[in-house]
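S.K.: Okay, sequence plus prediction incoming.
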Number of protein chains: 2
Amino acid sequence: MRKVQYGVAVSLDGYIAGPNGETDWIKIDPEIDFSAIWAQFDTLLMGRKTYEAAMKRLGRAAFSGKVVFVFSKHLEPQGHPGVTIVSDLTSSWIRSLKSQPGKDIWLMGGGTVFRHLLDLGEVDSISVTILPILLGEGVPLMPPPYKPATLALSAHRVYKSGTISGIYEISK
Amino acid sequence: MRKVQYGVAVSLDGYIAGPNGETDWIKIDPEIDFSAIWAQFDTLLMGRKTYEAAMKRLGRAAFSGKVVFVFSKHLEPQGHPGVTIVSDLTSSWIRSLKSQPGKDIWLMGGGTVFRHLLDLGEVDSISVTILPILLGEGVPLMPPPYKPATLALSAHRVYKSGTISGIYEISK
């Protein structure tokens, strides 16, 4: 079975963006080999906001060579060539995707999609890049409510910038 | 000058307690040498809630041998032997304490006191123990508002439990 990994950068106090969506504090760390990470996955899942932000920042070409699914109840497929709009994110849909041959699946965000899939028991791991900054307020790694999920650290790396990355497996 | 270090355990999503103060997810990690950490400090600073929780959980004897300051506008000194109640937490008060001879000063929380001292520029470092758990909701490492504070990782350790600890210096 292919695995679903949520990949996310957070501040030390657990935010993935500022209260108004600020992400200017997320600097590209030259020591992180993004192309190696990118090559581990052939399929990308993302929510509408993450998709639109990526389109604006990186353009459609950034996703070339990947199968891309965007979760949205409102986006019209014809306006979004090269991606598949999924309006209903169910367990059976994700299980069907995981059972197909291929590389692992990168859940790129946002937190709401992660929370939904986590609650369905369909996220296998989370790759967290913890940046050395305190924001004080912002968009949390995942939305409420309180529902502790135990993790197991399977790999980690500490970069010269002070960034710490960890891969955590989600206990089931 | 003695330094002020905020010491705190957080979930991977940045909470120091659940929404109703839950801390049962904070397990004692047998690999962490608390007595060595404890010996680095001779003075403890804490807010009223942290003080009351520690009294209830550990008792007064836990603080023996330490100089303890509790920040509170309402606690009556006569009811709290062995500790000094400080009603007004000013820059001049903390600078005077830092200039006295002695070991470093441990700011034990909570987040409101940390935020106040951070905004005054009087916190030197933060020791964060990141537990391998997602809570989903809770008391943040520090209260709002958004005001990014850049940190520099000066030491770290990864434990078998999957807990990661980091000492971050606060840039000034």
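M.R.: Everything's here; your move. Numbering: from 1, shown residues only, chains lettered A, B, ... in the order given.

S.K.: Once you drop chain neighbours, what's closest to the most centrally placed residue in chain A?
M.R.: Centroid check for chain A by C-alpha atoms, centre = their mean gives residue A:108 as the closest residue, at 2.3 Å. Leaving aside its chain neighbours, residue A:108 sits nearest to residue A:46 (4.3 Å; criterion: C-beta to C-beta, 6 or more residues apart in numbering or on different chains). Every residue, glycine included, has its C-beta placed from N, CA and C.

S.K.: List the contacts of the one helix or strand residue A:37 maps to.
M.R.: Using DSSP states H and E, residue A:37 falls within helix A:34-39. Residues outside helix A:34-39 that contact it (C-beta atoms under 8 Å, 6 or more residues apart in numbering or on different chains): A:7, A:127.

S.K.: what do you get for stretch A:149-157?
M.R.: Identification of contacts with stretch A:149-157 by C-beta under 8 Å, 6+ apart yields A:118, A:125-126, A:164-171, B:12, B:132-134, B:136, B:158, B:162-164.

S.K.: Show me what counts as buried in that stretch.
M.R.: Neighbour-count burial for stretch A:149-157, counted by 16 or more other C-beta atoms under 10 Å in any protein chain shown, picks out A:149, A:151, A:153, A:156.

S.K.: now stretch A:65-79
M.R.: For stretch A:65-79, by 16+ other C-beta under 10 Å, it's A:66, A:67, A:68, A:69, A:70, A:71, A:72, A:75.

S.K.: Can you flag which of the residues you listed belong to helices?
M.R.: If you go by DSSP state H, these have nothing in helices.

S.K.: Looking at the residues you listed, which is nearest chain B?
M.R.: residue A:71 (19.7 Å; C-beta to the nearest C-beta).

S.K.: List the contacts of that closest one.
M.R.: A:45, A:46, A:47, A:48, A:85, A:86, A:87, A:89, A:113.

S.K.: Where does the second one fall, secondary structure wise?
M.R.: Using DSSP H and E, residue A:46 sits within strand A:41-47.

S.K.: Got the confidence number for residue A:61?
M.R.: The score at residue A:61 is 88. That number is its pLDDT.

S.K.: and it, that's in a helix?
M.R.: Yes - counting by DSSP: H, G, I helix; E, B strand; the rest coil, residue A:61 is part of a helix.

S.K.: Distance from the lengthiest strand in chain A to the middle of the chain?
M.R.: Using DSSP state E, we find that the single longest strand of chain A is strand A:149-158. Centroid displacement of strand A:149-158 relative to its chain, using C-alpha atoms, centre = their mean, to the nearest Å, is 16 Å.
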